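Asks: Sequence and predicted structure below; questions after.
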Amino acid sequence: MTIELASAENAENPGSTGSAEGTTGASAAGEGSAALDLLAQQVRDLVDAVVLTGAPQDEIVEITAELAVLTDRLRALRRTSRHPLAFDPEGVPRHAGNAVTGSANPYALPLVSQVTPDRTIRAELSFRQVHEGPPTSVHGGVSAMILDHVLGQAVAVAGGAGMTGTLTLRYVRRVPYGEPLVATAEYVRSEGRKSWAEGRIALPDGTPLVEATGLFITPRVWKEEMTGAQ
Ligand SMILES: CCCCCCCCCCCC(=O)SCCNC(=O)CCNC(=O)[C@H](O)C(C)(C)COP(=O)(O)OP(=O)(O)OC[C@H]1O[C@@H](n2cnc3c(N)ncnc32)[C@H](O)[C@@H]1OP(=O)(O)O
C-alpha cells in the first residue's frame, strides 16, 4: 500500500490520498530516489564536518559563500509534493522525508528499523557528535525522538498506528555517540483507540541507557476515514 499525504494539514489523516492543492504531483527530484538519498547523506557529512571544523575564519567565510550558491540552486527547484507514506510488507511505515528514518532527509539519522519474528522493532544505530547535548553525551531530546519513533512503529505493526499522546522516559545512563547502540520497542496492549508500547536504547550487550513507555492514540479522524464513518 502506498499513501500520498496531500498536505501538511493532511498529515493527521494518512488515509487521505491525492496531491497538494496547486502542486504538480511527483516532482522531478523523485521520491526516495537514489540520487536524493545520496544528496541527503552528503549534507549529513557536511553537517558533521561543520560541527568538527577547525578551519580558519577566512576559509569558513569562503566555504559559506560556496554553500550559499548550492543552497540557492536547490531552493530554485523546490519540490511541490510530499514524499509518499508507504508501508513495507511487515507493516512498518516508511517515509523518505521522515525526521527520524527518512533516507532523503539530512536531519534524519537515518534510523533503519526491522521487525523481528516476535514483532519487536529493532534498530542498530550510532549517534554522531552532531547529536551532542551534555559534553561527550547524546542530547536527551534526540534519544526521546528515536524512542518516540520505534515505539510508534511497534504499535503500528500491531495495528494501532497513531499519534503520540504521552511519552515517558527514564534516562538510566549517559548515551555515548560514536558507538554502536540498539533501539528496541514492543507493543504492550490496546484499549479502543489507545495503544501502549515500551522500548529502550541499549548497549549491544543489552545494558539499558534510556527506557521509554508511550501511549499512542489513533486519531478519531483516521478511524472515521478507515471505517467510512461521518
Ligand atoms: C500511519 C502512520 C503511522 C506512523 C507511525 C510511525 C512512528 C511515528 C511515531 C512518532 C509519532 C509522533 O511523533 S506523533 C506527533 C506528536 N503527537 C501529536 O502531535 C499528537 C497531538 N494530539 C492530537 O493530535 C490529538 O490530541 C490526538 C490525536 C492524540 C487525540 O485526539 P482525538 O483523536 O480527537 O482523541 P480524543 O477523543 O480527544 O481522545 C481519545 C482518548 O485518548 C485520550 N487522550 C487524548 N489525548 C491524550 C494525551 N495526549 N495523553 C493521554 N490521553 C489522551 C482521551 O482522554 C480519550 O480517552 P478515553 O476517554 O477514551 O479514555
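Replies: Alright, I've got the coordinates.

Asks: Strands of this structure, residue ranges please.
Replies: Assigned strands in the chain, in chain order: 2-3, 85-87, 93-95, 113-115, 121-125, 163-171, 181-191, 194-202, 208-217 (criterion: DSSP state E).

Asks: So Ala86 is in contact with Val92, correct?
Replies: No. Applying Cβ atoms under 8 Å, one finds Ala86 not in contact with Val92, separated by 9.6 Å. The C-beta positions use only the backbone N, C-alpha and C, and glycine is treated the same way.

Asks: For Leu46, find the nearest of the strands of the chain.
Replies: Of all the strands of the chain, it is strand 121-125 that lies closest to Leu46, at 20.3 Å by Cβ to Cβ.

Asks: Can you get me a residue count around Arg220?
Replies: Taking other Cβ atoms under 10 Å as the criterion, the count of residues near Arg220 is 10.

Asks: Was I right to think it contacts Gly192?
Replies: No. Using Cβ under 8 Å, Arg220 makes no contact with Gly192, being 10.7 Å away.

Asks: Tell me who's in contact with Met145.
Replies: Contact partners of Met145, counting by Cβ atoms under 8 Å, 6 or more residues apart in numbering, are 99-100.

Asks: what do you get for Ser143?
Replies: The contact partners of Ser143, taken as Cβ under 8 Å, 6+ apart, are 169, 171, 175, 201, 209-210.

Asks: Neighbour-wise, which one of the residues you listed leads?
Replies: Taking other Cβ under 10 Å to define a neighbour, the member of the contacts of Ser143 with the most is Ile201, carrying 28 neighbours.

Asks: Render the CA-only coordinates of stretch 83-103 in PDB, please.
Replies: The C-alpha atoms that make up stretch 83-103 are tabulated as PDB, following Å, rounded to 0.1, in the frame of the first residue of the first chain:
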ATOM      1  CA  HIS A  83       7.300  12.300   0.000                       C
ATOM      2  CA  PRO A  84       4.700   9.400   0.000                       C
ATOM      3  CA  LEU A  85       4.000   7.400   3.100                       C
ATOM      4  CA  ALA A  86       4.300   3.700   2.300                       C
ATOM      5  CA  PHE A  87       4.100   0.600   4.400                       C
ATOM      6  CA  ASP A  88       6.600  -2.200   3.900                       C
ATOM      7  CA  PRO A  89       5.400  -5.800   3.800                       C
ATOM      8  CA  GLU A  90       5.800  -6.100   7.600                       C
ATOM      9  CA  GLY A  91       3.500  -3.100   8.200                       C
ATOM     10  CA  VAL A  92       6.300  -0.600   9.100                       C
ATOM     11  CA  PRO A  93       5.500   2.900   7.900                       C
ATOM     12  CA  ARG A  94       8.300   4.200   5.600                       C
ATOM     13  CA  HIS A  95       8.600   7.900   4.600                       C
ATOM     14  CA  ALA A  96      11.700   9.200   2.900                       C
ATOM     15  CA  GLY A  97      11.100  12.600   4.400                       C
ATOM     16  CA  ASN A  98      10.700  11.500   8.000                       C
ATOM     17  CA  ALA A  99      12.800  13.300  10.600                       C
ATOM     18  CA  VAL A 100      14.000  10.000  12.200                       C
ATOM     19  CA  THR A 101      14.000   7.400   9.400                       C
ATOM     20  CA  GLY A 102      13.900   9.500   6.200                       C
ATOM     21  CA  SER A 103      16.600   8.500   3.800                       C
END
